[in-house]
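Colleague: just need the structure, nothing else, for what follows:
(2 chains)
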Amino acid sequence: MSFARKHAWVIGLALLLVALLVVTRVIQPSFGAQGLESLARAALPFAFATAGMAIVVIVGGIDLSVASMMAVCAVTAAVLMERMAGVPALFIVLLVGAVMGAINGALIVLTKVPDIVVTLAMLFVWEGAALLILSTPGGATADWLEASIRGFFVFSWLPKAFLIITVVTLLIWAPLGRTQLGLSIYAVGSDERAAFRSGVSVGATKVAAYGLCGLFCAFGGLSLAALTGIGEPVPGPYLLASVAAVVLGGVVLGGGKGGLLGPIIAVVILRLIRTILTLLAVDPNVTTIVEGVIMVGVVMLGTALTLRRSR
Amino acid sequence: MSVATDPPLQRLGRFLTDNPMIPLIAFLLLLVVALEVMRPGIVTPFRAGRDGILSTFWIGNLIKFAIPLAMLAACQVLTMLTAGIDLSAGIIATCAAFLCATLAGSIGTAPAVLVALACGVTTGLVNGFGVGIVRVHPLIMTLGTGLIATGCLQVYQRLVINAGTEIPTFLTWLGTGRTLGMPNGLYVFIPFAIFIIWLMRATGFGRLLFALGSNENAARLSGVRAWQVYLALYALSGLIAALAGLLYLGMIRQTSLSLANPLLLPSVAAAVIGGTSIFGGRGSYAGAIIGALILRVLDTMLTLLQMPEGARIALFGLIILAVTALYARLTGAR
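Modeller: Alright, predicted model coming up:
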């Protein structure tokens, strides 16, 4: 019972996802493994951006520069993979992402300027950096990178892209929950002062959380490069989408509550809704409206529910 | 602790806290001087062998392009006073401009302008409903309405794709014409700025904004009907954004689906550079106007340096960060 109550939001989201999958199947009886595969591939960069954003929101901040960091990682990957072996390039890109995130965090801690302002400024910095690395879309990615997200793994119904999201998130997030850092992130997010007085190193925790966000953005950038086969220096629409998915996924803005599972389910739901509307032959512009309404509507509902419970 | 024993830096900091406008104006002048050093004659024509001590052309241009930014910054300052933010302002401005340009030909200028302003107020009211009554975080609420407005604009654009656009001559006159050497927009902006400053400093509404931003619970317990204030605040913010969009339309003389969107993040930056706290309760519109001017001078400077575009954007971000960090350090405020 307590498990159900604790994870009510995530369970609700999962049920919604299943319901939507059924709806998709009803609308388009031929929607099967192939549809699932392309859905997972399209959701890949969104899922990583959302996972990164979720961590900084849990620590009580926000990172407006996720899309720019992803662009930097995508162009770095495309430029490096054209010139050197793919595997070292992959690790360099991941390092670049984590360093960028850590720089964001360090600036927030050192300057004491609000995180929203620092990351707003860094949005421009990283966007500029991406343009300096590659002024026009170009470069090339290793063939195996594209192959790694395309198709299925072992079973004919399990898209590789889903597997990658799950494995990467589990590898980074699951061990964290058992360490001091994981606890510190939630502690700082729910009450910075109390965390400080309990001996948590607030600054280091924030830098680590932003660094993790950068790492996820590096995965996001890599998947962008893998999807397109080239590096695109202009940031995509990932900021808005990731904030929306984080909030939909039950992470409270202000920090301290939520996890990564909810936001990632929310990403898939948002993508699936887009697929359903496309299958229904709805004007893609109307799809934008529907997405906005869903985002606002769900957040309103969620806020109203939590307010009622706390009264 | 006597004043005399304080280290000079701390005294300077305290002085600047009391007079936050001084370092901002000093910084603006410093930037203008730096610009003049980089390109002699741009600000003071006599050094380039022409007439005049100050170039009214240059100053006019600077002011002209700072006005829409400063108006959008008003949206941010007002909402930030209550610890909010209006991220739909850029899209509202774009929608207002697009509506006005497409409708002016068929229903006349005045009704088109009214429709555009009504669109701003309506979006603002939706924001206000979400923030004030349902209690959604302003960041999320305004992002969401911005998303919805973008979608509506795209759908609307496909309906009127053959209708053609017409930019009212009045707006063109306002945006590009000059009177007494200064852009016409300035004569609209000055009363507007005075109104905003009066609203913030001398009216009950302004005091309610500061009260809600400083301590919302205390304000509620003192009998403030918060939801009414939020509703009025976001509607006002939408109206200002729509006005800024109309002015910008006259200036650019082109319609596009993302006309004023690039101004959104700089407008937040202008408000923050101007000393407005994103956590509410502290802010000044005069500061935001100086902030908008600073951003515009910086823009000119970085363009003159003929750097690659990437370096220019990156430097722009770094300077915003440096200015806000320095300001926070000097005045000791967040």
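
Colleague: is stretch A:102-116 positioned near chain B?
Modeller: Yes: judged by CB under 8 Å from any CB of the partner chain, stretch A:102-116 and chain B are in contact via A:Leu107, A:Thr111, A:Lys112, A:Val113, A:Pro114, A:Ile116. C-beta coordinates here come from the backbone N, C-alpha and C atoms, glycine included.

Colleague: residue nearest the middle of chain A, spatially speaking?
Modeller: Chain A has A:Thr50 as the residue nearest its centroid, 2.0 Å off, counting by CA atoms, centre = their mean.

Colleague: same question, chain B
Modeller: In chain B, the residue lying closest to the centroid (CA atoms, centre = their mean) is B:Ala73, at 2.0 Å.

Colleague: that one contacts B:Ala286, correct?
Modeller: No: look at B:Ala73 against B:Ala286 with CB atoms under 8 Å: they stay out of range, at 11.0 Å.

Colleague: how near is A:Val79 to A:Gly214?
Modeller: 18 Å (CB to CB, to the nearest Å).

Colleague: A:Met84 too?
Modeller: 22 Å.

Colleague: before we move on, the earlier item: now do the shared contacts for B:Ala73 and B:Ala286.
Modeller: Residues touching both B:Ala73 and B:Ala286 by CB atoms under 8 Å, 6 or more residues apart in numbering or on different chains: B:Gly274.

Colleague: for chain A, what spans make up the strands?
Modeller: Here chain A has no strands by DSSP state E.

Colleague: low-confidence ranges in it?
Modeller: Scanning chain A with the threshold set as pLDDT under 70 gives A:1-5, A:154, A:305-311.

Colleague: so which residues of the stretch 201-334 of chain B form helices?
Modeller: B:204-214, B:216-221, B:226-252, B:264-273, B:285-304, B:309-331 (DSSP state H, counting those that start in this stretch).

Colleague: around chain A, pick out the residues from the stretch 201-334 of chain B.
Modeller: Residues of the stretch 201-334 of chain B lying near chain A (CB under 8 Å from any CB): B:265, B:268-269, B:272, B:278-279, B:308-318, B:320-321, B:324-325, B:328-329, B:334.

Colleague: if we use 7 Å, what do you get?
Modeller: Contact residues (CB under 7 Å from any CB of the partner chain) of the stretch 201-334 of chain B with chain A: B:265, B:268-269, B:272, B:278-279, B:308-314, B:316-318, B:320-321, B:324-325, B:328, B:334.

Colleague: quick one, what contacts the closest residue in space to A:Glu192 that isn't next to it in sequence?
Modeller: Once flanking residues are discounted, A:Glu192 sits nearest to A:Val202: 5.9 Å by CB to CB, 6 or more residues apart in numbering or on different chains. With contact set as CB atoms under 7 Å, 6 or more residues apart in numbering or on different chains, A:Val202 has these partners: A:Val188, A:Glu192, A:Ala195, A:Phe196.

Colleague: what number of residues lie near residue 37?
Modeller: In the absence of a named chain, this looks at chain A. 21 (other CB atoms under 10 Å in any protein chain shown).

Colleague: please refer instead to chain B.
Modeller: Applying other CB under 10 Å, we find 10 residues neighbouring B:Val37.

Colleague: from chain A, how far out is it?
Modeller: For B:Val37, the distance to chain A equals 24 Å [CB to the nearest CB, to the nearest Å].

Colleague: likewise for B:Ser106?
Modeller: 22 Å.

Colleague: again, but for B:Ile67
Modeller: Using CB to the nearest CB, we find B:Ile67 at a distance of 22 Å from chain A.
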